[in-house]
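1. Okay, predicted coordinates and the sequence, questions at the end:
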Amino acid sequence: MAVGVAVHGVRSVCSGIAVPQRHQAGLRGDGPCAPKELLRSSASKLCAPFYKTLLSQGQRHSSKGFPCCAGLAQSIENKRAYNPAQADPVSESETDEDPPPKQSLSLSPLPDRIGFIGAGQMGEALIRGFCKSGVSSVEQISASVRSFDRQRALSNLGLRVYGNALEGGAADLAANSEIIFLGVKPQYLDTILEALKPHILPSHLVISIAAGIRVASLEAALPEGTRVMRVMPNTPCLIGQAASAYVVGTHATDDDAQKTYALMSSVGLALSVEERMMDAVTGLSGSGPAYVFVMVEALADGAVAAGLPRDKAMALAAQTVAGAARMIFESSEDGSITHPAVLKDKVASPAGTTINGIAELETSGVRGALIRAVRASAKRSEELG
């Protein structure tokens, strides 16, 4: 099933996924990334139909275009070898390019120094992901954190670490960063912004990952004209499998949007959305990993109750969820996303074991519980803003 939704003037066939106009350079043929290279990225594997659609448009204009940025000059992923049988849906007849090399490609790092004010689990996941992907390095990243334990943990990663942002850390970090991530909890953000404001220069790009905090609130708390981006990542960014969404601020430039896209695409899937959608994003992908962890645990518990050893139950449950998710993206011959109900019906044979299990899920209200969980999380995100 494919639903096209227009965001910033571009339509896609991936359930509302869209790329803003500021990322359309590749579709005009003047972007630095070749389509085949980006198809080998982890983000493209998560949403192949999205990239295929853009490729089909880009090929009509140029064989070398794709929405990207200067920092995204090679592949998003630098550790996985290219497998032409699995990762490259563009046939040789569709492009004039030479066949791609069959080896892993590295990502050219951004030249910008990156600073994190607050680097808890999410912040550290982003730091590790940026370094692992090659988009940045520990030499280019610094952090300002309050806790001594966090200071020590980040120092052990090789980062330059400053102290409490309210006690000079914000000033030190701003003086040594071009891109500043705000990674503190929403309830502490006002005091952090107050401490940071005197040190923000026109050269700074401020990226907030605080749940629920609107772009307008961030811009109002910072000097007039500050370039702001709002991002909602999730913890799978640590392994390059994030599902992130971002909003372009009022004063942010094309280059700012491209850098944000490059950073977040380096750790998974990154989508541009309208800000009115961000609460729903928070409820779904922001909080979603925790819902899935509960599901995997429950599946494993059921298997243990049925007689399977715990270690085997956990491994089978986790792989079942991972494999099922990939089938949604990869089952269709034409590259479109397959509706989960279609795949479910293929498994559930008449009077079989699966349909009996599904009946229990429906009786227990699992579907409704998941819907309510997403809506409750989205509502809380709205309240925070």
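-> Perfect, I can see it now.
2. and the nearest residue to residue 277 once chain neighbours are set aside, backbone torsions?
-> Leaving aside its sequence neighbours, residue 277 sits nearest to residue 245 (CB to CB, 6 or more residues apart in numbering; 7.3 Å). The way it works is simple: take the backbone N, C-alpha and C, and place the C-beta from them, glycine included. Backbone torsions of residue 245, given as degrees, to the nearest 10, read phi -130, psi 150.
3. What ranges does the stretch 101-250 of the chain have for its helices?
-> Using DSSP state H, counting those that start in this stretch, the helices assigned to the stretch 101-250 of the chain run over residues 121-133, 148-156, 169-175, 189-196, 215-221.
4. of all those, which lies closest to residue 308?
-> The closest of the helices of the stretch 101-250 of the chain to residue 308 is helix 121-133. By CB to CB, the value is 30.6 Å.
5. Other residues contacting that closest one?
-> Helix 121-133 is contacted by residues 76-79, 107, 114, 116, 119, 136-138, 141, 143, 153-154, 157, 159, 181, 183, 209, 233, 235, 237-240, 242, 263, 266-268 when judged by CB atoms under 8 Å, 6 or more residues apart in numbering.
6. try stretch 164-171
-> Contact partners of stretch 164-171, identified using CB under 8 Å, 6+ apart, comprise 117-118, 144-146, 162-163, 173, 184, 191-192, 195-196, 198-199.
7. One more pass at 10 Å, please.
-> Outside stretch 164-171, the residues that touch it by CB atoms under 10 Å, 6 or more residues apart in numbering are 115, 117-118, 142-147, 151, 161-163, 172-174, 180, 182, 184, 188, 191-200.
8. mind listing what's buried in it?
-> The neighbour-count check on stretch 164-171 (16 or more other CB atoms under 10 Å) flags 165, 169-171 as buried.
9. What is the nearest of the residues you listed to residue 355?
-> residue 165 (55.2 Å).
10. Please name the spatially closest residue to that closest one (chain neighbours excluded).
-> Take residue 165 and drop its neighbours on the chain: the residue closest to it by CB to CB, 6+ apart is residue 144, 4.6 Å away.
11. quick one: contacts for the one you found?
-> Going by CB under 10 Å, 6+ apart, residue 144 touches 115-119, 151, 154, 160-174, 177, 180, 183-184, 192, 195-196.
12. Looking at the helices of the stretch 101-250 of the chain, spot the one closest to residue 321.
-> helix 121-133 (19.6 Å).
13. If you average the pLDDT over the closest one, what comes out?
-> Regarding helix 121-133, the rounded mean pLDDT is 90.
14. do stretch 365-373 as well
-> Computed over stretch 365-373, the average pLDDT equals 97.
15. circling back: got the helices of the stretch 101-250 of the chain as a markdown table, with distance to residue 380 columns?
-> Output for these, formatted as a markdown table (distance: least, CB to CB, whole Å):
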| stretch | distance to residue 380 |
| --- | --- |
| helix 121-133 | 16 |
| helix 148-156 | 25 |
| helix 169-175 | 27 |
| helix 189-196 | 16 |
| helix 215-221 | 16 |
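16. and of the ones you listed, who's closest to residue 339?
-> Short answer: helix 121-133, nearest of the helices of the stretch 101-250 of the chain by CB to CB, at 30.3 Å.
17. If you count neighbours, what's buried in the closest one?
-> 122-133.
18. Likewise for stretch 356-372?
-> residue 358.
19. Once you drop chain neighbours, what's closest to residue 182?
-> Spatial nearest neighbour of residue 182, excluding adjacent residues (CB to CB, 6+ apart): residue 208 at 4.3 Å.
20. one step back: show me the one of the helices of the stretch 101-250 of the chain that comes nearest residue 280.
-> For the helices of the stretch 101-250 of the chain, the distance to residue 280 is smallest for helix 215-221, at 16.1 Å, taking CB to CB.
21. now the closest one: mean pLDDT?
-> 96.
22. what packs against it?
-> Helix 215-221 sits against helix 189-196, strand 205-208, strand 227-232, with contacts defined as 3 or more CB pairs under 10 Å, 6 or more residues apart in numbering; DSSP states H and E.
23. quick one on the thing from earlier: report the buried members of the contacts of residue 144.
-> 115-119, 151, 154, 160-163, 165, 169-174, 177, 180, 183-184, 192, 195-196.
24. Look at residue 334 and report its pLDDT.
-> Predicted confidence (pLDDT) for residue 334: 87.
25. just the one 5 residues further on next, same as before
-> As summarised for this prediction, residue 339 has a pLDDT of 95.
26. From residue 367, how far out is it?
-> Noted for residue 339: a distance of 14 Å to residue 367, by CB to CB, to the nearest Å.
27. pLDDT of stretch 279-298, averaged?
-> Stretch 279-298 comes out at a mean pLDDT of 96.
28. buried stuff in it?
-> In terms of neighbour count (16+ other CB under 10 Å), stretch 279-298 has its buried residues at 279-288, 291, 296.
29. And stretch 275-287, end to end?
-> Stretch 275-287 has an end-to-end distance of 17 Å (CA to CA, to the nearest Å).
30. How far away from the center of its chain is it?
-> Computed by CA atoms, centre = their mean, to the nearest Å, the separation of stretch 275-287 from the middle of its chain amounts to 12 Å.
31. Okay, strands next: where are they in the stretch 51-200 of the chain?
-> Secondary structure of the stretch 51-200 of the chain, counting by DSSP state E, counting those that start in this stretch: strands at 114-117, 141-144, 160-162, 179-182.
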